[in-house]
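**Student:** just the structure for this:
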Amino acid sequence: MNVAPARRKPVAAIALLAAAALTSSCSGGPAAAPPDGSQATTAATPQAPVVEITPAEGAAKVSPDKKVVVTASGAALDDVTVQAGDERLEGAYNADKTRWTSKTALKPSTSYNVSATAGATTATSTFTTAKPERALQVADVTPNAKGETLGVGAPIIVTFNQPVTRKAAIERALRVEAEKPVPGAWRWINDTVVIYRTQKYWPAHQKVTFNADITGIKAGKGLYGVKDYTANLKIGAKQISKIDTRTKMMYVYKDGKRVQTMRISAGMATTREYTTTSGVHLTMERGNPVRMISPGRKKGDPGYYDVMINHAVRISNSGEYVHAKDNVWAQGVRNVSHGCINARPDQAKWFYDNVQRGDVVDITGTDRALEWNNGWGYWQMSFSQWKKGSALKGGESNR
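**Tutor:** This is a model prediction of the structure:
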């Protein structure tokens, strides 16, 4: 009986089928349909970055001391612009540029436009700041006459138009920048007046700039700065006059060189009123002539006088001047004045013509000391004591 042999599957064909199956399972081709017949989902599209702005769109009556803050999630900030008209508000990014914060205060009663971009996202906001109940401005800076050259002892006296209760906030906004910087400090003498004095005299022959960047700064309840102020000051020669009431002599030095020697007559010192004050005085103003009337007396009283005095330079608020007087017989010999320093008319005119406001007049020889708040007697106070009048911790400022 013939039996036919069993049929065998070709080995090569099986290997090819296995390879085909393996290739299909590892390829990036279409996936097999799920058993329930639904279609496979593709990879999710990345979300656009989210940008948020504070104050938000349409915000009104925003407090000027609020910060503008822009944040981004999903990407870094590419650009932030905050503008009021043509003026751009300064700000700074954090380390990874996901947050931008404004540096300076906002202007009251002003509309701001904000634009920020992060990747494909751009966000905008328009808001307006509140009108302050009261407006703070610099009413005066002295000495600061047009074209004026100042002495090395000159203070910077700033007067505001409104009483300031948040003094530290305003003081931080006051900047003094000198070509030859020296330490200095502010001292508040009342709620509207603050005075800057250097630790030592200003270095001579330089320019000094004072800036009050008070716009938007809160100075009290409902009180905000509404206008910045800048003063450009010029410090001239180092002119110092030394007076000794005992020798009745006055020597004037300019940049260290003696330029004038004057015989003088000082206060007769029969009363405290008629005693010249000793200490560091500053020249404050001048007049030619100046009317001088005896204080606290009326016509007919003993010691009454009402005279016109030529070439008078004020050095205190208690009536002291360096001025011309024709009593040459007393000058260099005897003190006969009511407290002023008088000199030969031609030399008094020279002093009048050459003086700068803020020049130093250092008087010695009497038992009556100049008070620190008598005129510009600020150098009578030590610098450590002066700084205690600052609203800031430590007081001292080089700005």
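
**Student:** average pLDDT for stretch 186-193?
**Tutor:** Per-residue confidence for stretch 186-193 averages out to 98 on the pLDDT scale.

**Student:** give me the contacts around it.
**Tutor:** Counting contacts by Cβ atoms under 8 Å, 6 or more residues apart in numbering, the residues outside stretch 186-193 that touch it are 139, 157-165, 167, 171, 174, 194-197, 373, 378, 386-392, 395, 397. Quick note: C-beta positions are derived from backbone N, CA and C, even for glycine.

**Student:** and the next element down the chain from the worst-scoring helix or strand of the chain on mean pLDDT?
**Tutor:** The helix or strand of the chain with the lowest confidence, counting by mean pLDDT, DSSP states H and E, is helix 11-26 at a mean of 40. Elements were assigned by DSSP states H and E; along the chain past helix 11-26, the next helix or strand is strand 50-54.

**Student:** just give me the neighbour total for Lys349.
**Tutor:** Number of residues near Lys349 (other Cβ atoms under 10 Å) recorded here: 15.

**Student:** what of Ala72?
**Tutor:** Counted by other Cβ under 10 Å, the residues lying close to Ala72 total 24.

**Student:** contacts only, for it.
**Tutor:** Each residue near Ala72 by Cβ under 8 Å, 6+ apart is listed here: Pro49, Val50, Val51, Glu52, Lys97, Thr98, Arg99, Ala116, Ala118, Thr121.

**Student:** on that earlier part again, ChimeraX command to pick out the buried ones of the contacts of stretch 186-193?
**Tutor:** In ChimeraX, selecting the buried portion of those, with burial taken from 16 or more other Cβ atoms under 10 Å, looks like this:
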select :157,158,160,162,164,167,171,174,194,195,196,197,378,386,387,389,390,391,395,397
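
**Student:** please enumerate the helices of the stretch 51-200 of the chain.
**Tutor:** Read by DSSP state H, counting those that start in this stretch, the stretch 51-200 of the chain holds these helices, from start to end of the chain: 167-172.

**Student:** so how far is Leu77 from Ile53?
**Tutor:** According to Cβ to Cβ, to the nearest Å, Ile53 and Leu77 sit 11 Å apart.

**Student:** common neighbours of the two, please.
**Tutor:** Here Ile53 and Leu77 share the contacting residues Val70, Ala116, scored by Cβ under 8 Å, 6+ apart.

**Student:** with adjacent residues omitted, what lies nearest to Ser109?
**Tutor:** Nearest residue to Ser109, sequence neighbours excluded (Cβ to Cβ, 6 or more residues apart in numbering): Lys131, at 4.5 Å.

**Student:** where's that neighbour relative to Lys107, distance?
**Tutor:** 11 Å.

**Student:** more neighbours, these two?
**Tutor:** Neighbour count, other Cβ under 10 Å: between Lys131 and Lys107, Lys107 has more, with 21 against 13.

**Student:** that one and Gln83 touch, don't they?
**Tutor:** No. Using Cβ atoms under 8 Å, Lys107 makes no contact with Gln83, being 11.4 Å away.

**Student:** pLDDT score assigned to the nearest residue to Lys200 once chain neighbours are set aside?
**Tutor:** In space, not counting the residues next to it along the chain, Lys200 is nearest to Val182; the distance is 6.0 Å by Cβ to Cβ, 6+ apart. If you check Val182, the pLDDT there is 96.

**Student:** so the chain: which segments form each domain?
**Tutor:** Segmentation of the chain into domains, based on automatic domain parsing, reads 50-128, 134-236, 239-378.

**Student:** specify the beta-bridge partners of Ala312.
**Tutor:** As for beta bridges, Ala312 partners with Gly287 under DSSP bridges.

**Student:** test my guess that it contacts Arg291.
**Tutor:** No. Using Cβ under 8 Å, Ala312 is not in contact with Arg291, being 9.6 Å away.

**Student:** those two: who's more crowded?
**Tutor:** Here Ala312 and Arg291 are set side by side on neighbour count (other Cβ under 10 Å), and the busier one is Ala312, at 24 against 10.

**Student:** tell me the pLDDT at that one?
**Tutor:** At Ala312, the pLDDT value in this model is 98.

**Student:** who are the neighbours in contact with Asp79?
**Tutor:** If a contact means Cβ under 8 Å, 6+ apart, then Asp79 has Ser115, Ala116, Thr117 as its contacts.

**Student:** same thing but at 10 Å, please
**Tutor:** Contact analysis of Asp79 by Cβ atoms under 10 Å, 6 or more residues apart in numbering lists Trp100, Ser115, Ala116, Thr117, Ala118, Thr122.

**Student:** please consider this matter closed, and thank you.
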